[in-house]
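*Asks:* With the input below, show me the fold.
(2 chains)
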Amino acid sequence: MSTGMSASTDGRSDARTDGRSDDANVVLGAPEIGRALTRIAHEILERNKGGSDVVLLGIPTRGLPLARRLAARLVAVEAGLDVDALVGSLDVTMYRDDLAHHPTRTIGATDIPGDGIDDKVVVLVDDVLFSGRTIRAALDAISDLGRPRAVQLAALVDRGHRELPIRADFVGKNLPTSLYERVRVLLEETDGRDAVLIEGGAR
Amino acid sequence: MRHLLSTADLDVAEAVRILDTAGQMAATQAREIKKLPTLRGRTVVNLFFEDSTRTRISFETAAKRLSADVINFSAKGSSVSKGESLKDTALTLQAMGADAVVIRHYASGAPHTLAHGGWTTGAVVNAGDGTHQHPTQALLDAYTLRRHLVGDGGRADVAGRDLTGLRVAIVGDVLHSRVARSNVQLLHTLGAEVTLVAPPTLVPVGVEAWPARVSYHLDEAIADDKPDAIMMLRVQRERMSSAGGGFFPSPLEYTRGYGLDARRLASLPEHAIVLHPGPMNRGLEISADAADSSRAVIVEQVANGVAVRMAVLYLLLAGGDAPTSTQPGTTNETKVDA
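*Replies:* Numbering: from 1, shown residues only, chains lettered A, B, ... in the order given. The predicted structure follows:
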């Protein structure tokens, strides 16, 4: 035994290497990310007529810090909300349809706020919306955890190329990309700085 | 990880990864809906040449909770009783499309032969072979130890932690015990100190080479080592020729010297826990007082066994080869972030 096990990663960690390479093209900086999150937070409150029924579920790795930041903004705007009761994490690894096409992924933590998600409005939070397959897996994962009144989707970046009939309710930035490009989101909590980069590009 | 045959094959990182994955699996087992779609369409064959209750049921539960199809095969009532060889049995299973074979065999090394014989392409999991290895039992013991004894008595997050500094006494029939062999290697890899306690007749030849100390006196071992955990082994009378097989004068004498009773339980450190791989011989190696005390985690070991076996099946079966093509739409690593 031995081969494969220690070598495998969660598939995202490659985005953690410095992110300062020359061909990297910064499309969003820290101020833009902050403003986009503030706008999304207000949109969430507006759409749901307040935040009392809202649960923000971040999809690890980078959806989780984004969900925490959104929750902090919701709490700042609306009195009577509590960050810990608002935020959870939802790991979708075991619901993915592409497990057999990648080295074994590490399973992340799923952590639902104490009140559960039944009859709540669940807002899924992820960094990049691309094929939509992660969100499909997340919808399956949610149905095993309870029955929310509604599920909404917030993404910092929508890069297009959907492979499933899924769209985001709240988008930080629409980023038309080519399939050859890579979109990388760096966050203070996981990578030491806030930025969205596009690299690769036409070959 | 291609097969799981022996705990000697695991390094620290691999072992900790299995324990961490088991932790996530255990979290899913607290939910109302325990079934996960992860291994849908995969087939797991339980190939049991030796009697077993909890290991077979545990593997079956683990596979079913991950939505794999399970085929149970026991040697009794199969063509094996007509004289079919392991090779032909393996070829039959291969033809039926087994993705993983969980094998328990009375012969030490049978899983190794199955894994390297070229008869099956599936992953092979050793569920106990002769007196050799029982790796998932050792992993569930390590998981149980970590849950109770690492990270402020189990209150802090233990993910990523090993068992450095823990002292574990393994007591009883070491000679016939694959559980002891698996545990000595795994616990040593994870940084724990192991003391084997047994009558001289039940200590195997060559034990000096094991990464463990050996003591012939349980009371002395408890007083000197102050173990954080004590693991009682079953006296395997089916592997001894007659009553005690000449390994000890009488069951009563064995119990006096090496049984865990209320007095010895009280002499253990306050925080120490009691493990037993089951099935227990109550009144022989462990008294009812000890087996039913609040410090015994024997029933919890069974529950943890399901989580650990789910983790092993996940790590062996869920992943595939990384895609090599660079065609758009098929490989993009960024899709992971979508």
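*Asks:* Roughly how far does B:I286 sit from chain A?
*Replies:* Going from B:I286 to chain A by Cβ to the nearest Cβ, to the nearest Å gives 33 Å. Yep, even glycine has a C-beta here, placed from its N, CA and C like the rest.
*Asks:* My error: substitute B:I57 in the last question.
*Replies:* Distance, B:I57 to chain A, using Cβ to the nearest Cβ: 22 Å.
*Asks:* measure that residue to A:D84 for me?
*Replies:* 39 Å (Cβ to Cβ, to the nearest Å).
*Asks:* between the two, which one's more packed in?
*Replies:* More crowded of B:I57 and A:D84, by other Cβ atoms under 10 Å in any protein chain shown: B:I57, with 15 against 10.
*Asks:* Name the SS class of that one, please.
*Replies:* helix (DSSP: H, G, I helix; E, B strand; the rest coil).
*Asks:* Determine the longest helix present in chain B.
*Replies:* Assignment by DSSP state H gives helix B:298-317 as the longest helix of chain B.
*Asks:* mean confidence score for that one?
*Replies:* Across helix B:298-317, the average pLDDT comes to 96.
*Asks:* Quick check on B:F48: phi, psi?
*Replies:* Here is the backbone geometry of B:F48 (degrees, to the nearest 10): phi -110, psi 110.
*Asks:* Find the residue ranges of the chain scoring beneath the pLDDT cut-off.
*Replies:* Looking at chain A here, since you left the chain open. Applying pLDDT under 70 to chain A picks out residues A:1-24, A:201-203.
*Asks:* Can you look at chain B instead?
*Replies:* Judged by pLDDT under 70, the stretches of chain B that qualify are B:153-155, B:241-245, B:321-338.
*Asks:* what about the strands in it?
*Replies:* Under the criterion DSSP state E, chain B contains strands at B:43-48, B:69-74, B:100-105, B:123-129, B:167-171, B:193-197, B:213-215, B:229-232, B:273-275.
*Asks:* out of the ones you listed, nearest to chain A?
*Replies:* strand B:123-129 (9.0 Å; Cβ to the nearest Cβ).
*Asks:* could I get the strands of chain B as CSV with mean neighbour count and distance to A:I198?
*Replies:* CSV is the format used below for those (neighbours: other Cβ atoms under 10 Å in any protein chain shown; distance: least, Cβ to Cβ, whole Å):
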stretch, mean neighbour count, distance to A:I198
strand B:43-48, 24, 43
strand B:69-74, 16, 43
strand B:100-105, 27, 41
strand B:123-129, 26, 39
strand B:167-171, 25, 53
strand B:193-197, 24, 53
strand B:213-215, 16, 59
strand B:229-232, 28, 53
strand B:273-275, 23, 53
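*Asks:* Could you dump the ones you listed into CSV with distance to B:G283 added?
*Replies:* Shown next, in CSV, are these (distance: least, Cβ to Cβ, whole Å):
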stretch, distance to B:G283
strand B:43-48, 28
strand B:69-74, 29
strand B:100-105, 27
strand B:123-129, 24
strand B:167-171, 16
strand B:193-197, 19
strand B:213-215, 23
strand B:229-232, 12
strand B:273-275, 16
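*Asks:* tell me the SS of A:S178?
*Replies:* Once three-state DSSP is applied, A:S178 turns out coil.
*Asks:* Over to the one 5 residues further on?
*Replies:* Remark: A:V183 carries the secondary structure label strand [criterion: three-state DSSP].
*Asks:* What residues are bridge-paired with it?
*Replies:* A:V183 has these beta-bridge partners by DSSP bridges: A:I198.
*Asks:* which residues does it contact?
*Replies:* Counting by Cβ atoms under 8 Å, 6 or more residues apart in numbering or on different chains, A:V183 touches A:128, A:130, A:157, A:159, A:175, A:177, A:196-198, B:334, B:337.
*Asks:* So what does A:V157 look like in phi/psi?
*Replies:* Torsion angles, degrees, to the nearest 10, at A:V157: phi -130, psi 130.
*Asks:* ok, it touching A:G172?
*Replies:* Yes. Between A:V157 and A:G172 there is a contact under Cβ atoms under 8 Å: 6.2 Å.
*Asks:* Cheers, nothing more for now.
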